[in-house]
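Peer 1: Got a sequence here, can you build the structure:
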Amino acid sequence: MADISAFPITRKWPAQHPDRIQLYSLPTPNGVKASIALEELGLPYEPHLVSFETNDQTSPEFLSLNPNNKIPAILDPDGPGGKPLALFESGAILIYLADKTGQLVPQDAAARYQTLQWVMWQMGGLGPMFGQLGFFHKFAGRDYEDKRPRDRYVAESKRLLGVLDQRLAGRQWVMGDTYTIADIAILPWVRNLVGFYGAGELVEFDQFKEVQRVLDAFVARPAVAKGLNIPARG
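Peer 2: Residues are numbered from 1 along each chain as shown. Next up is the predicted model:
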């Protein structure tokens with residue numbers, strides 16, 4: 001097993017189990033993608049809380065692993081060729097973990113690319129739009145007198161939910177009967193929109209019955225229930 005002590009991030013977050021995947025994260029919609037995937041796959045890992053309250057994400061140690069100062073990030077001591085691999089961006093981490101284990105992504109080439117297109121759809125559309133809506137509805141943006149920015153994100157969020165609802169009609173999961181990284185990428189953001197952001201009524205979430213059905217099935221999974229709270233907040 002490769003030595004990870006040369007990575008500066010291990011000085012701020014010492015590894016108690018250096019043979020395991022090191023996860024640096026926070027239980028946000030992006031952060032829990034990694035913890036849920038790790039739980040679903042049964043991979044040994046060690047979580048480390050990156051506290052935004054103390055600006056851990058801008059520390060030199062964290063920036064040495066992710067210069068974009070966003071969570072999650074991982075350090076796998078057993079990466080390709082047996083060498084350590086540091087990786088950031090939640091979508092990249094999902095793809096890497098799926099490829100590492102041969103699980104949560106179809107082996108058929110066409111189905112694999114179709115799965116990845118839905119992961120990219122979340123990363124490029126659903127996540128950014130829901131995040132902006134959350135800002136304008138729950139946080140500082142709600143004080144803006146001009147409601148046009150908020151309404152723009154409301155309309156786009158509803159459109160995206162409609163796309164997802166149509167996709168899920170007649171399917172158990174995004175890719176059909178098979179649960180994949182596409183579900184792990186998308187559904188934490190849907191949960192956050194109607195839960196933490198409290199925007200369910202704003203986007204008329206009740207009309208998206210297929211999304212509701214699949215979200216309920218998602219949060220009922222034991223690995224999801226556990227991963228949603230990892231790393232535990234202090």
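
Peer 1: Quick one: the helices in the protein, in order.
Peer 2: Secondary structure of the chain, counting by DSSP state H: helices at 9-12, 31-41, 60-65, 90-101, 109-121, 127-138, 148-168, 181-194, 209-219, 222-227.

Peer 1: Touching the fourth one from outside, list them.
Peer 2: Put plainly, it is helix 90-101. Where contact means Cβ atoms under 8 Å, 6 or more residues apart in numbering, the residues beyond helix 90-101 that reach it are 30-31, 33-34, 37-38, 41, 43, 72-74, 76, 85, 87, 104-105, 116, 119-120, 122-123, 180-181, 184-185. Placement of C-beta: from N, CA and C, glycine included.

Peer 1: swap the cut-off to 6 Å and go again
Peer 2: The contact list for helix 90-101 (Cβ atoms under 6 Å, 6 or more residues apart in numbering) reads 30, 33-34, 37, 41, 72, 74, 87, 104-105, 119, 123, 181.

Peer 1: ok, Pro188 to Ile9 distance?
Peer 2: Distance from Pro188 to Ile9, counting by Cβ to Cβ, to the nearest Å: 24 Å.

Peer 1: So those two - more neighbours on which side?
Peer 2: When Pro188 and Ile9 are compared for neighbours, Pro188 comes out ahead with 29 against 24, by other Cβ atoms under 10 Å.

Peer 1: If you drop the residues flanking it in sequence, what lies closest to that one?
Peer 2: Nearest residue to Pro188, sequence neighbours excluded (Cβ to Cβ, 6 or more residues apart in numbering): Pro29, at 4.4 Å.

Peer 1: Quick check: that neighbour touching Asn192?
Peer 2: Yes - counting by Cβ atoms under 6 Å, Pro29 touches Asn192, with 4.5 Å between them.

Peer 1: Looking at the two, which is more packed in?
Peer 2: Taking neighbours as other Cβ under 10 Å, Pro29 and Asn192 compare with Pro29 leading, 26 against 19.
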